[in-house]
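*Asks:* Task: produce atomic coordinates for the following.
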Amino acid sequence: MNACKELQILLEATLLPDLETAIDELFEEITGAKKADAEAKESYAQMQELRTALQELLRDLHEGELSEEECREIAQELEELIEEDESDV
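*Replies:* Next up is the predicted model:
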């Protein structure tokens with residue numbers, strides 16, 4: 001499988017669904033609290049920005065705007081971020 005296809009699968013099957021779930025959970029937390037703290041609101045905004053960036057990356061993939069090398073590098077960086085996040089839990 002080529003690097004761009006692997007990146008597409010990583011985005012569609014793992015990152016975007018997990019991010020959507022996290023955004024939904026944080027939104028419920030914020031709206032359920034009488035006064036949401038600034039940190040929660042900032043995290044929510046950052047997650048939304050990340051989702052937008054990943055969706056744009058996915059669009060670029062579908063349009064063939066990324067080389068195999070770019071796909072490989074991006075996938076590697078994203079996998080490292082996933083590993084860091086999992087080790088923080």
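*Asks:* Could you check how many residues crowd around the closest residue to Ala40 other than its chain neighbours?
*Replies:* Leaving aside its sequence neighbours, Ala40 sits nearest to Ile30 (C-beta to C-beta, 6 or more residues apart in numbering; 5.5 Å). The way it works is simple: take the backbone N, C-alpha and C, and place the C-beta from them, glycine included. Ile30 has 15 neighbouring residues, counting by other C-beta atoms under 10 Å.
*Asks:* what about stretch 78-89, average pLDDT?
*Replies:* Computed over stretch 78-89, the mean pLDDT rounds to 84.
*Asks:* Actually, stretch 7-24.
*Replies:* 94.
*Asks:* hmm, back to that, give me the element the residue nearest to Ala40 is part of.
*Replies:* For Ile30, the host element (DSSP states H and E) is helix 16-32.
*Asks:* Which strands or helices does that helix pack on?
*Replies:* Here helix 16-32 touches helix 38-62, going by 3 or more C-beta pairs under 8 Å, 6 or more residues apart in numbering; DSSP states H and E.
*Asks:* Now do the helix it packs on: distance to the chain's middle.
*Replies:* The chain centroid and the centroid of helix 38-62 are separated by 6 Å under C-alpha atoms, centre = their mean, to the nearest Å.
*Asks:* quick one: contacts of it?
*Replies:* Outside of helix 38-62, the residues within contact range by C-beta atoms under 8 Å, 6 or more residues apart in numbering are 4, 7-8, 11-12, 15-16, 19-20, 22-23, 26-27, 29-30, 33, 66, 71, 74.
*Asks:* by how many degrees do that helix and helix 16-32 diverge?
*Replies:* Here helix 38-62 runs at an angle of 150 degrees relative to helix 16-32 (axes from the mean of the first three to the mean of the last three C-alpha atoms, to 10 degrees).
*Asks:* Averaged pLDDT, helix 38-62. What do you get?
*Replies:* The pLDDT scores in helix 38-62 average 93.
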